[in-house]
Structure formats: C-alpha cells, structure tokens
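Novice: no sequence for this one, just the structure:
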C-alpha cells in the first residue's frame, strides 16, 4: 500500500510541496501541476495531472501503475487463489466424480455467431447466434475452478464455478443419455422461443 505519510518538501519556485511517491520524488511543474511518475492513464488521451497536493495524494492511493498498488494486487490474488484451492479440495471430497469417470452432459454449440471477422474488424451479421444443443458423453480429464477474481462464500456457491475438461459445468450433467437428449431438445426449443420473442419485439 502507499505510505500513509509520504515525505513532503517545499518547492521554492511554486510554494507547493514535492512529494515522495513509491521512491519517486514528484515535483510540480512550472504551471503548478503534479504528474504521476508511473505513466498511468489512457495512452489515447493527454496524461492526467493534478493542480493540488490533496488531489495528487488521493491519486497515490489508487494509482494502478504504482509498485505498491501492483504488489498489493498480486498479494491479494495469491491469497485469493490459496483460499479457492482450499475450498476446491473440500468440494472435491463431496463430489461423486473423479478423474477417469464417464460423464453425460448437454453441450451448447454456436453454429453461427452474431459477429464475424471481416478484414481487421468484427461485423455484426445477426441479432441472435444460431445455437445447437447436443447430448454428449466424455471421460473426465480435468476438474477445475473458473476463477474470475471473486471468492464464493461457501463450497455450495463454488459448485457454480466448477468445470470438467475446461468447459462442462456441473449443472449440465445428466444421469443417462436419454435424459441428456431430452434436455438438449428442451433447451433448443427454449432458446428458439427466446429468439422468436426478441425478433417480434424488434
């Protein structure tokens, strides 16, 4: 984290303070503006600047390019992953599935996407994607957690992030192939109804 009371030194020509920020001494320019020494901001626009010391100090606490912020973020991600791994180990002991088992599931397939690549850009060619739903059988090769920076509150919630073979969710599993085929047909019909309704609303 950023030092709570960073060193401040008077700058004679402006009367404003020079501020030490993560090992860098930031001095106001001739116009009295502070600029971040870590090159933050959108490169498409002029670099941000701050007229007051108070405003710049507020930026110091959240600058995404500062070493202290980056280190804090990496440390948090490491701790979060450790928590996720502990929860995953606990969850796996409660599941009736293991590597090598056979699973039957419904797979959603994008037959025609809403956008296609034309030259160097993506072009929208239809309002809704054309999808198919198929019953599949496969052997479990991997069991992972899709981690998106959010820590579930318990292992029951963690089940929503569990995937087999990188793409099969726990909720898409079925007990038999017939059950999977019936479910695939229902999901196909339901999706088509949603597309027809959206088309009617347009």
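Specialist: Everything's here; your move. From a predicted model like this one, the values you see are computed outputs, not experimental measurements.
Novice: make it CA atoms for all contacts and neighbour counts henceforth
Specialist: Will do.
Novice: parallel or antiparallel, list what pairs with the helix or strand encompassing residue 106.
Specialist: In this assignment (DSSP states H and E), residue 106 forms part of strand 102-112. The strands that strand 102-112 pairs with in its sheet are strand 130-139 (antiparallel), strand 173-174 (antiparallel) (by DSSP bridges).
Novice: can you give me the helices for this protein?
Specialist: Here the chain has its helices, by DSSP state H, at 53-60, 67-92, 155-158, 177-201.
Novice: just put the ones you listed in a markdown table and tack on mean neighbour count.
Specialist: Shown next, in a markdown table, are the helices of the chain (neighbours: other Cα atoms under 10 Å):
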| stretch | mean neighbour count |
| --- | --- |
| helix 53-60 | 16 |
| helix 67-92 | 15 |
| helix 155-158 | 14 |
| helix 177-201 | 14 |
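Novice: can I get the ones you listed in TSV including mean pLDDT and distance to residue 41?
Specialist: Converted to TSV, the helices of the chain look like this (pLDDT from 0 to 100; distance: least, Cα to Cα, whole Å):
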stretch	mean pLDDT	distance to residue 41
helix 53-60	94	11
helix 67-92	89	15
helix 155-158	87	35
helix 177-201	94	39
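Novice: quick one: closest of these to residue 136.
Specialist: Distance to residue 136, taken as Cα to Cα, is lowest for helix 177-201 among these, at 7.7 Å.
Novice: show me how far that closest one is from its chain's centre.
Specialist: Computed by Cα atoms, centre = their mean, to the nearest Å, the chain-centroid distance of helix 177-201 equals 29 Å.
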